[in-house]
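Colleague: Just to be clear, the model below is a prediction. Sequence and coordinates:
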Amino acid sequence: MRGGLSHSGKKALVSPAASTPDIPRPRRPMSRAERRVTFWLKTLALVAVAIYLLVGFLEFLGNVKATAMLFVIALFFAYLVFPLVRRLNERLPLVVSILLVYVAIAVVAAAVLQLLVPPLVKDAQDAVKGIPALIAQASQTLQDPNNLIFRRLPLDERLYLASLPTQLAGFLQTNALDTAGKTLTVVLSTVSVLATVIVVPVLAAYMLLDAENLKRHFLGLIPAKQHAKAETIIAELDKVVGGFIRGQLIDGTILGTMLTIMLYSTHVKYALLIGVVSGALNFIPYAGALIAFVPAVGLALAYNGWGNALLVAGLIVVIHQIDGNFVAPRVLKDNVGLSPFWIVISILGFSELFGLAGTFLAVPVAAMIRVLREQLLPRPVSVADAHTALTDAPLDAPPPPRGLRRAGS
């Protein structure tokens, strides 16, 4: 009984407030302005973190340039051979599929090098030997008092124009050729030919073997409800990068072949060299066209006269129109999805940061950023909501027919 009294006494000493559980207070709903401010604060914080990580990543790449270059080349090579490996992998083991693709590429590369390298070397040697004669001929043409174009100019201006070929040759000697020589030296010293031929295919093979494992580990870091979104982003990035690499290779080959055949047909010197360089530089938008136009027209003018130069200029324009309107859209299938403005900005920025390698990486990286922006950031408003001051068509123009709206949108 004493124990019961003591027990009841203890229960009486417990306060009613302490015996009842805490009831959570209802949270005040955030207003629209507060939600908007919170969203932009989170966005700014995310942008700041991304910039910080990007700067650190760029510094890291600057310290391991050779390794980074090998990795990028191997990644491009893996994207290049992926369709063939996937097709063979439907019936054969993955390792066997990779080996068969590598053997086929080695045979084709050996045949192409056997056919192209000797004439390319000869054209390059002849072009270097012919530069002084071209400079002297250009200066003589500009100084000729009977020249129909320049004879009406004052003497001082004619003398200045006559000195331009020599100045241009000096500029190329001190800048372009020196840069090319340094680039070749760096490539041969840090990434030797043996490393490029052996290490790159090996790295690409490991990438292909571990691609699905990397994808599974990456998805494991993301909440399950975000897996569908992450897989969509991965698929879009793969489509952009792979389509760009394979499409540019095919498009550059077709463009270089058309230019070479045209220059041979019009009897322009160094036709193979100009065509191959233009096709290779087609990776850099607008560079391939410029590389083909300037030397081809200049050589046609120097050796064959004004008529041949005008013919070559017109045919180059026609070839690039065919490539831009028929070949490239079907090969690339609009995988990049960038306007010319962003293409130029990305090329300038990446070339400033990474030099020659940056010019090749600019467009695919910018296309990847476009995919991330479209998938992670809010959609842009419509043209009507933005009240645009500039439009593609005149404001008072009639609307296009219904069948053409889809192509123009």
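Modeller: The structure has been received and is ready for your questions.

Colleague: isn't Val72 right up against Leu361?
Modeller: Yes. Look at Val72 against Leu361 with CB atoms under 8 Å: they come within range, at 6.8 Å. Yep, even glycine has a C-beta here, placed from its N, CA and C like the rest.

Colleague: distance of Glu90 from Leu84?
Modeller: 11 Å (CB to CB, to the nearest Å).

Colleague: do the same with Thr43
Modeller: Counting by CB to CB - Thr43 and Leu84 are separated by 42 Å.

Colleague: If you count surrounding residues, which of those two has more?
Modeller: Between Thr43 and Leu84, Leu84 has the larger neighbour count (other CB atoms under 10 Å), namely 16 against 12.

Colleague: Apart from its neighbours in sequence, what residue is nearest that one?
Modeller: Val101 (4.8 Å; CB to CB, 6 or more residues apart in numbering).

Colleague: Give me the residue ranges of the stretch 151-300 of the chain where confidence is low.
Modeller: Across the stretch 151-300 of the chain, the ranges flagged by pLDDT under 70 are 151-195, 285-286.

Colleague: What segments of it are helices?
Modeller: For the stretch 151-300 of the chain, the helices defined by DSSP state H, counting those that start in this stretch occupy 155-171, 177-190, 193-220, 227-265, 271-280, 287-304.

Colleague: Can you say which of the ones you listed is packed in most?
Modeller: Highest mean neighbour count of the helices of the stretch 151-300 of the chain: helix 271-280, a mean of 22 (counted as mean count of other CB atoms under 10 Å).

Colleague: pretty sure Ile98 contacts Phe82?
Modeller: No. With contacts counted by CB under 8 Å, Ile98 stays clear of Phe82, the gap being 10.2 Å.

Colleague: Can you give me the neighbour number for Leu116?
Modeller: Leu116 has 12 nearby residues by other CB under 10 Å.

Colleague: What of Leu113?
Modeller: Residues near Leu113, counting by other CB under 10 Å: 11.

Colleague: what is the rounded mean pLDDT of the strand or helix carrying the residue nearest to Leu84?
Modeller: Assigned by DSSP states H and E, Val101 belongs to helix 94-143. For helix 94-143, the mean per-residue pLDDT is 81.

Colleague: relative to helix 271-280, how tilted is that helix?
Modeller: 120 degrees (axes from the mean of the first three to the mean of the last three CA atoms, to 10 degrees).

Colleague: What about Met368, how many residues nearby?
Modeller: 16.

Colleague: got it, and Ile98?
Modeller: Ile98, neighbours per other CB under 10 Å, totals 23.

Colleague: what's the answer for the one 5 residues further on, then?
Modeller: Residues within reach of Val103, counting by other CB under 10 Å, total 10.

Colleague: can you check the one 3 residues further on too?
Modeller: A count of nearby residues for Ala106, using other CB under 10 Å, gives 12.

Colleague: Any figure for the gap between it and Leu84?
Modeller: From Ala106 to Leu84 the distance is 13 Å (CB to CB).

Colleague: Identify the contacts common to these two.
Modeller: Common neighbours of Ala106 and Leu84, using CB atoms under 8 Å, 6 or more residues apart in numbering, do not exist here.

Colleague: Assess the claim that Leu301 and Ala309 are in contact.
Modeller: Yes. With contact defined as CB under 8 Å, Leu301 reaches Ala309; the gap is 3.8 Å.

Colleague: domain parsing for the chain?
Modeller: What automatic domain parsing lists as the domains of the chain is 63-221, 223-377.
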